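Peer 1: let me see the structure of the following:
(chains A and B)
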Number of protein chains: 2
Amino acid sequence: MALLSCLSLHAETGANAWLRYAPLSDNAIRQSSANMPAVVLAYGNSPVAASAQQELIRGIRGMLGRTLRVEAQMPAESAIVLGTLADLRQAAPQLRLNANIDSDGYWLTTVKVNGVAYTVITGANDRGVLYGVFGFLRKLALGEIITGLDEKQSPYAPLRWVNEWNNLDGSIERGYGGRSIFWDNLHVREDLSRISDYGRLLASLGINGCAINNVNANPRVLGPDFVSQVARIASAFRPWGVRVAVSVDFGSPQTVGGLDTFDPLDARVAAWWKSKADELYRAIPDLGGFLLKADSEGRVGPSTYGRTHADAANVVARALQPHGGFLFYRGFVYDHHMDWRNPKNDRARAAWDNFHPLDGAFDSNVIVQIKNGPIDFQVREPASPLFGALQKTNQAIELQITQEYFGQARHAVFLVPQWKETLDFDMHVGQTSSVKALVAGKTYHRPAGGFVGVSNVGLDENWFGNHLSQANLYGFGRLAWNPDLSSQRIADEWTRLTFGNDAKAVETISGIQLSSWATYESYTGPLGLQTLTDITGNHYGVNVEASERNGWGQWHFADGKRVGMDRTVATGTGYIGQYSPAVAKVYESLATCPDNLLLFLHHVPYTYRLHSGKTVIQYLYDAHYQGADAVAAYVREWKSLKGRIDDRRYREMLAQLEYQAGQAEVWRDGVNNWFLRASGIADAQGRVGRHPGRFEAEAMKLDGYTASDVAPWEAASGGRAIACPGAKCTASLQYQGAPGWYTVNVQYFDQIDGVSRFRLWVRNQLIDEWAADDRLPTRKLDGTSSTRRVVRGIALRTGDEIRIEGSRDGGETAAIDYIEIRPDVN
Amino acid sequence: MALLSCLSLHAETGANAWLRYAPLSDNAIRQSSANMPAVVLAYGNSPVAASAQQELIRGIRGMLGRTLRVEAQMPAESAIVLGTLADLRQAAPQLRLNANIDSDGYWLTTVKVNGVAYTVITGANDRGVLYGVFGFLRKLALGEIITGLDEKQSPYAPLRWVNEWNNLDGSIERGYGGRSIFWDNLHVREDLSRISDYGRLLASLGINGCAINNVNANPRVLGPDFVSQVARIASAFRPWGVRVAVSVDFGSPQTVGGLDTFDPLDARVAAWWKSKADELYRAIPDLGGFLLKADSEGRVGPSTYGRTHADAANVVARALQPHGGFLFYRGFVYDHHMDWRNPKNDRARAAWDNFHPLDGAFDSNVIVQIKNGPIDFQVREPASPLFGALQKTNQAIELQITQEYFGQARHAVFLVPQWKETLDFDMHVGQTSSVKALVAGKTYHRPAGGFVGVSNVGLDENWFGNHLSQANLYGFGRLAWNPDLSSQRIADEWTRLTFGNDAKAVETISGIQLSSWATYESYTGPLGLQTLTDITGNHYGVNVEASERNGWGQWHFADGKRVGMDRTVATGTGYIGQYSPAVAKVYESLATCPDNLLLFLHHVPYTYRLHSGKTVIQYLYDAHYQGADAVAAYVREWKSLKGRIDDRRYREMLAQLEYQAGQAEVWRDGVNNWFLRASGIADAQGRVGRHPGRFEAEAMKLDGYTASDVAPWEAASGGRAIACPGAKCTASLQYQGAPGWYTVNVQYFDQIDGVSRFRLWVRNQLIDEWAADDRLPTRKLDGTSSTRRVVRGIALRTGDEIRIEGSRDGGETAAIDYIEIRPDVN
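Peer 2: Residues are numbered from 1 along each chain as shown, chains lettered A, B, ... in the order given. Sure thing, here's the model as predicted:
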């Protein structure tokens, strides 16, 4: 028997995410309690059925302060009745339930028998009943009417999975919420409670599968010692209806199985896969299946033997098929040693080129898992043309919940609006050919298909390292269930469930979330430039040229005159020709190509005028200023939430947004300076390259500090910074401006290999001191480590000496980029 | 250089108490900033002067977000100027400052020179300047006008001290906020930061002395190895103008000094004290002096040699006199082996009897330290008659900040209203003979005198173990500075400084504080009964007879017919005759004796009618119900503060008040049942002894549990409880009431010697579980350990089995007193 949880007296850590079940307002409690039955009656005795009943009791206890009474027989009083439709029709025929409900779907209905009202939560299967309970509790939390119900909901697609890129050593590839909840040091963790908690979060959204290890799979996961370990994880997920899946390495028949080959057409290889699947299903009868990345980014695959992706997929899928398992085969296959000097080369073509010819060659339990765009989760991409190219193949869309290219949970970015743009995009290949319909199998009536989210939660109390990032998992799950929900609706639901129903708080937080993707795009890669970050490194800080002149193919071809990649059929790589004629026609012509994809699809002069009439170069400048200004506004708006939400999350998010505001200026200046230098075209508003009140550290009077170039140059103001090679150094300047109250921003570098310390003096007065103790993912002086300290309320007088003292620690050299002196705003 | 503190991003722990300097509202910042000079100029270079300047900068930085600019010369712009009057007159004659300021007093004034306004914070000495800074910052925090100032403040009395009953091993006698901040394992703590923080709190109130060890002194403190340790504490206090004092044992010349005597009239003894004082003053030139408890509660004293208290005090005082030190000599001297069968015996007479004859025999640097009442910090006592009996002797009032008899920081009790009753009480011995005037030395123009508070702060983050208890230290300090401040004013100040200026929060918290003493009195000892607690034990839980039939003399003489102690001159102990005739006349006559002291001064029948017309017995019953109801109302009121104050303190105080609400009912029932049994007179309202919905545990169906008597019987309902001698036991009953929503209160015992666990089941449904993990000071089943678990929102149906399962742990036997089933209130 699990411990009953005490909800009311703990601080808000974010651990319960949108399932806090916080007490409703007194008014809402009075209203809801009046109509709430006192009794719950649950039919069915599976672990999922038990979860449904327990969750209902927990939710109502939390929100209304009442413990539902568990009855085993239909009482003569009002009750909430749980069970599958089949069970209820047999055990409680007096309810006269009659309906068709899809698999995993649910029906909330109120039935009167002899004048007594029963609230029925039923489904086609146990999972449906559990989803119905979560749906009912969500309505209660949102203040919706819960009497006289008659609401049927079905999932939009049968497969709604998450992937966790967790390594068996406990690290996570592209994870920003701490170490793995599943693995540690080549073993499943002793304590399964976080896995169970995660299963609950997933179930609340209708997510029914989870791949529990990195898609870049360690072959050891198929070794004999791992079967029982995977089974332990499955046991923690099972009560929540979440099927476990395993990422596998295609070379496993050789590396684990001891064969001398992994040729998919070799009978011994097929037998090995079958025997391995049988072994796993004996331990985990509800295993979801496997996930496979082959022939991509250094993973072995069928190309070793000249076989096709279909050959590879089918040999594994046939081992799973007798058990009802699925094989998700990743469409993310491309050559990362591409010659950038050949203007016809184009990574964006790869998925279509690789998989389009194989349409129809995949078995019926194979799902080709296709990233939303043709490249790799960039801040803006068109929908992958592959979605429109598979008629006889199951497909799923892969969306990235973890914010790899979206600020890595250090920037607020709510991805639902982006995902919806792709899901709603019409490929014009049939009657109903939006991406969502295609991946759900609706367009061509496929037997399987759906949605996959790369989640990468971690052990951090709040799962993601950033409270607002939880909304992306929530949004993914809600869209996988019903992609017709609006972004507004999803943001509103999530905010209310996560932070409460205070109107001002809901408006503010939803407002930040809904604008956050556009904001982030505007300072990291507008007009289809993709994310202008360190593509070959940490994918975090600014680095405009990182994507150029290498084999990875994320080129934007910005030079002295022009920018963007020509993917037209007429003069470019021909990528646009992978779309249906209707789509291709829009993209091919500059007259119709949307501005926000312009540079993804066309190579144009900086002076090219957008539909708005603005030149490309001026738009770039303006967008970066707008983006940075928007984040500064988020900070001000967040401050209005004090007392309207809990203090802890208020404080943690305020610090997060203040950090983001500084980073947005690093991005703004980096990208704008780069394009100013490249294009030689001045900002019409005179901002770029001119920073009143900014003083470069390298121009200050240095004692101990030495100046050096920063790489990339645009990551530092003036391209240079100062670092302290010894133990302690100082940099100073004489203030020559007018007397008044000022804010001094110190732009310094916070690397990961030390905790250096800073002190700020005005004349001989110590004004502030701080430690560079953030955990940013770099040992370099660059856009990733560039960090801001804001010191407000300093009374400066003409002639004052401003002095910064830096104390080096380990590899961290107390480096400084510049200081900025701005009039205080109060 | 101390670390600058970052105020804004931390949770509210209570560590900064009323010196949080939280950011003011945006409006207040705008208003205050407009008139706030940017510059501070501080004259003087003592540690106290440095503290004054740093504190001013810290406070303004916290509240307004601005760092004052430190200048060394008078600037041509507006500035805040700090310094003693003497320093300022010499260094800045242009300010033309001219005033008389008392020692430790301050003057806030605005001076214009050549059209420039200077805000001057000056004092007679450095301490006065520091106090002026705290006064200025308090005005700012409270939203008072800080322009055009002309405010002079002087302390009401020269000596404003706290005593800390800290043992050298780190424990604290009657401390409820954790272990000592000073001592650990016979050494001063390595880390002096909490001592410094405490010095800052004390200085903010104008407190200028602190006795750093238990008045029941370990003689070792005068050993040679302790001099340097005391000096370390003094160094942490010195910047805050707090003088250290040491509690000494009168036998020290023998036990430490190696003499064969401690006879105060022996020249070798006098020489030893002198040499010891000289040694201490060499290390600590500003030592405040000594505190001495002699011939009381087992401490040795002058009676060993047939000498007087004056002999004892003077021999020590003469050692201190050349150094300007004081000897506080405690008036708390009484015989604790008194024969209770002699109706003329009276402990209340002791202080007067012992010290009145010695008036004039004490040296001029001796202060007789007199507890507020004649007994020992009881919930209600008259002012000690000794205050009116010393004309030629310095005196100080001893108030107890630590809540020894006031719920030990587990109950909210704001003591300022009680203290003010005593301080304002007129002894009618002269023109101006209120207690405050007498102790301040004003009545007889004494050279010394003042206020001593027994504080007993500890290492707990919030100092006292209860956030509201901080107000008692605040209130003590404010009254010691100015006893004419109203309780309302002090509560309002403290609440605003500690919890912010939200009007509803200020009203609610002040309201609870101001009524809390009356509330506590009404359920623990109304009508002058004193505190009806375990007088010979922990002084916490209910135990009506603990004070009877023993030598400690806190008798109330309740028997079958009558209650109260006859202290009249006519028929009683004659105690009333120790007062001046005017006071004695009021007390002697039942017609004029105030109701709230009736049973302290008179022995009356239970049927005696109070001035209100109510009988004594009915008043007792009613008061206890009113008191318990008032605490329940505090819980409801506190809940209205959610979002208006920080979450952490909101949650911690809510849990505290909910606990207190349960304890108040234990007290109510214990006292009322005792008097019902003693008097045989029924409650006119029919409540006492009748508890609808209460089910005694001993009457339940027991499996493993065994029933036994509780001592005292009134601490348990029905006088009995059940305990689990084995590992696990159950108690159950069949519910026979009407169906509905109910709250079940489980009254169980939470002792200190284990963590037993409980589970509550209805039929076979687990409704709640909890651990008995509180730290209440008893190993017994009694009123101290009696604790309540409130389980709301249970749907009961006639015939339901309610079952409690208890799991024993260590000495804690999962004992239960009763359960109570009450209709839910929503």
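Peer 1: can you confirm A:Asn672 is in a strand?
Peer 2: No. Counting by DSSP: H, G, I helix; E, B strand; the rest coil, A:Asn672 is not found in a strand; it is helix.
Peer 1: show me what contacts it?
Peer 2: Shown in contact with A:Asn672 (C-beta atoms under 8 Å, 6 or more residues apart in numbering or on different chains): A:620-621, A:624, A:683, A:687-689. Heads up, the C-betas are built off the backbone N, CA and C, glycines and all.
Peer 1: could you list which residues are in contact with the residue lying closest to A:Trp713 once chain neighbours are set aside?
Peer 2: Counting by C-beta to C-beta, 6 or more residues apart in numbering or on different chains, A:Gly719 is the residue found nearest to A:Trp713 once chain neighbours are left out, at 3.7 Å. Each residue near A:Gly719 by C-beta under 8 Å, 6+ apart is listed here: A:709-710, A:713.
Peer 1: including pLDDT, could the residues you listed go into a markdown table?
Peer 2: Compiled in a markdown table, the contacts of A:Gly719 are given as follows (pLDDT from 0 to 100):
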| residue | pLDDT |
| --- | --- |
| A:Asp709 | 98 |
| A:Val710 | 98 |
| A:Trp713 | 98 |
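Peer 1: out of the residues you listed, which are inside strands?
Peer 2: A:Asp709 (DSSP state E).
Peer 1: neighbour-wise, which one of the contacts of A:Gly719 leads?
Peer 2: Highest neighbour count within the contacts of A:Gly719: A:Val710, with 24 neighbours (other C-beta atoms under 10 Å in any protein chain shown).
Peer 1: my guess is that residue contacts A:Thr778. True?
Peer 2: No. In terms of C-beta atoms under 8 Å, A:Val710 does not count as a neighbour of A:Thr778; the distance is 11.9 Å.
Peer 1: who touches both of those two?
Peer 2: With C-beta under 8 Å, 6+ apart as the test, A:Val710 and A:Thr778 reach no residue in common.
Peer 1: measure the residue located most distally from the centre of chain A to A:Pro75 for me?
Peer 2: Residue farthest from the centre of chain A, counting by C-alpha atoms, centre = their mean, is A:Asn114 at 50.3 Å. Relative to A:Pro75, A:Asn114 is positioned 12 Å away (C-beta to C-beta, to the nearest Å).
Peer 1: all helices of the stretch 251-400 of chain A, in order?
Peer 2: All helices of the stretch 251-400 of chain A, identified by DSSP state H, counting those that start in this stretch, fall at A:252-255, A:267-283, A:309-320, A:350-355.
Peer 1: most packed of those helices?
Peer 2: Ranked by mean neighbour count under mean count of other C-beta atoms under 10 Å in any protein chain shown, those are led by helix A:309-320, which reaches a mean of 24.
Peer 1: how much space between the residue in the stretch 451-600 of chain A positioned nearest to chain B and A:Gly14?
Peer 2: Relative to chain B, the nearest point of the stretch 451-600 of chain A is A:Asp502 (8.1 Å; C-beta to the nearest C-beta). The spacing between A:Asp502 and A:Gly14, counted by C-beta to C-beta, is 17 Å.
Peer 1: before we move on, what about A:Pro75?
Peer 2: For A:Pro75 relative to A:Gly14 (C-beta to C-beta), the value is 38 Å.
Peer 1: please identify which of the two sits among more neighbours.
Peer 2: A:Gly14 (24 against 17).
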